[in-house]
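**Student:** need the 3D shape of this:
(2 chains, ligands or ions: 2)
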Amino acid sequence: MTPPQRQRRDIVPEPPAPKEGEDKPGNPERMYVVAGPDGERAELDLVTLIVARATDPPPSASPEQAALLRLCAAPLSVAELSAYLHLPFSAMGVLLTELLTAELVQARAPIVRKARSDRSLLEAVMNGLQRL
Amino acid sequence: MDFNGSDTIPGPRTEDQLPHTAQAAAKIVIVGGFGVGKTTMVGSVSEITPLTTEETMTQAGIGVDDNFGSASKTATTVAMDFGRISITDQLVLYLFGTPGQQRFWFLWNGLFEGALGAVVLVDTRRLEVSFDVMGRLEERGVPFVVAINSFPDAPRYDIEELRTALDLTPDIPIIECDARRRASSRDVLMTLMRFLHSLAMTGSLT
Ligand SMILES: Nc1nc2c(ncn2[C@@H]2O[C@H](COP(=O)(O)OP(=O)(O)O)[C@@H](O)[C@H]2O)c(=O)[nH]1
Ligand SMILES: [Mg+2]
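**Tutor:** Ligands and ions are numbered 1, 2, ... in the order given. Prediction:
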């Protein structure tokens, strides 16, 4: 028996990304957070690490904000926050932008694709996996 | 969710907390069709019990293998399981198990664009499910390896036969695995990292 054959030419063009207010849920603006050593604006990523700057939420914090602040007493990724808070990823942008603006949390930028060419990073990951 | 009871929202167990020294995280995406073993693979290598992040999607983009709720609903929920591996005190690796249909991918900003690379998990009983995924990753320039999850009743092909069928160049690793076994899933991730390393060595990445 021979396996089915992939035909590259069958690939149809990618549909355009949904326009705002169309498909994309509850995400009216791009989710930018201030992160990175130079304070540049970075897009919020699933693996941006969030850390609370103070352990006790201020009295002015909303219940959602207070819950998030308690969760990230130690660093926690946006994905984990979304999971523990049962909030969709798109809702995390709004919540975190408020907290970053109020300087209640710190964001640690993720390692993104361009770092793939960083061999020492790749070697560190391999060493880590070896220890599993 | 009722946030007024937010004192009781369970967070990570103490032993699952990342150290304060954790500086940055990277991600790898495990992509494949429904039932191919994505969640199993994430769970077998993760140091935490896999978690789920969800996103809602309106009718226009609803996928075929995701029949949440009734037909009268206007939105569907797309879930993505993920796990975590601490690499060093500073560096954390996250693994995301992602549905194969690319219309879901835009729900999570930069999911593939920011990933170090991807594992395309393949079930030889439904090889064609992976064709579109591989095309999309090629278009986006996301490096990937192919892992054949060995189900007992699945047809067996040799690797070169699969390479021809999948129309993959000789440099792209294709390996068999058992997603239920940690060592096997770890080997898949190692294969991806070695592949990325070889790309970095030859300067194939810009
Ligand atoms: N025999 C066998 N079964 C597997 C393997 N990986 C996953 N399964 C089973 O296949 C089913 C679907 O796996 P799951 O991880 O939920 O698939 P997902 O939809 O891609 O996340 C589960 O019942 C798993 O126990 C494997 O490597 N070998
Ligand atoms: Mg799954």
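
**Student:** burial measure for the residue nearest to A:Arg8 when sequence neighbours are not counted, as a count.
**Tutor:** Of all residues not flanking A:Arg8 in the chain, B:Asp167 sits nearest, at 5.9 Å (Cβ to Cβ, 6 or more residues apart in numbering or on different chains). Placement of C-beta: from N, CA and C, glycine included. Using other Cβ atoms under 10 Å in any protein chain shown, B:Asp167 has 14 neighbouring residues.

**Student:** go on, the one 10 residues further on?
**Tutor:** Around B:Cys177 sit 23 other residues, with neighbours defined as other Cβ under 10 Å.

**Student:** can you check the one 10 residues further on too?
**Tutor:** When counting by other Cβ under 10 Å, one arrives at 17 neighbours for B:Asp187.

**Student:** let me see the contact set for it.
**Tutor:** B:175, B:177 (Cβ atoms under 8 Å, 6 or more residues apart in numbering or on different chains).

**Student:** low-scoring stretches of chain A, by residue?
**Tutor:** Along chain A, segments meeting pLDDT under 70 span A:9-42, A:114-117.

**Student:** go again with 50.
**Tutor:** Of all residues in chain A, those with pLDDT under 50 make up the ranges A:20-29.

**Student:** distance of whichever residue of it sits closest to ligand 1 from B:Tyr94?
**Tutor:** In chain A, the residue that lies nearest ligand 1 is A:Ala83 (15.8 Å; Cβ to the nearest ligand atom). From A:Ala83 across to B:Tyr94, the span is 11 Å (Cβ to Cβ, to the nearest Å).

**Student:** which neighbours do these two have in common?
**Tutor:** By Cβ under 8 Å, 6+ apart, the residues touching both A:Ala83 and B:Tyr94 are B:Phe82.

**Student:** circling back: look up the pLDDT of the residue nearest to A:Arg8 for me, please.
**Tutor:** Per-residue confidence (pLDDT) for B:Asp167: 95.

**Student:** B:Asp66 too?
**Tutor:** Predicted confidence (pLDDT) for B:Asp66: 47.

**Student:** and what of B:Ala147?
**Tutor:** 98.

**Student:** OK, contacts around it?
**Tutor:** Neighbouring residues of B:Ala147 by Cβ under 8 Å, 6+ apart: B:41, B:119-122, B:174-177, B:179, B:188, B:191.

**Student:** identify the bridge partners of it.
**Tutor:** With DSSP bridges as the criterion, B:Ala147 is bridged to B:Leu121, B:Ile175.

**Student:** and it, how far is that from B:Leu116?
**Tutor:** In terms of Cβ to Cβ, B:Ala147 sits 16 Å off from B:Leu116.

**Student:** for chain A, what spans make up the strands?
**Tutor:** Counting by DSSP state E, residue ranges of the strands within chain A are A:32-34, A:41-43, A:49-52, A:76-77, A:105-108.

**Student:** pairing partners for the last one, with directions?
**Tutor:** I take that to be strand A:105-108. According to DSSP bridges, strand A:105-108 has these partners: strand A:49-52 (antiparallel).

**Student:** residues in contact with the partner strand?
**Tutor:** Applying Cβ under 8 Å, 6+ apart, the set of residues contacting strand A:49-52 from outside is A:68-70, A:72-78, A:81, A:96, A:104-108, A:110, B:18, B:20, B:22-25, B:92.

**Student:** surely B:Gly203 is within a strand?
**Tutor:** No: judged by DSSP: H, G, I helix; E, B strand; the rest coil, B:Gly203 forms no part of a strand; its state is coil.

**Student:** and the pLDDT for it?
**Tutor:** pLDDT recorded at B:Gly203 is 72.

**Student:** give me the number of residues near it?
**Tutor:** When neighbours are counted by other Cβ under 10 Å, B:Gly203 comes out with 8.

**Student:** just B:Leu199 next, same as before
**Tutor:** B:Leu199 has 17 nearby residues by other Cβ under 10 Å.

**Student:** I'd say it and B:Pro143 touch.
**Tutor:** Yes: the pair B:Leu199 and B:Pro143 qualifies as a contact (Cβ atoms under 8 Å) at a distance of 6.0 Å.

**Student:** please consider this matter closed, and thank you.
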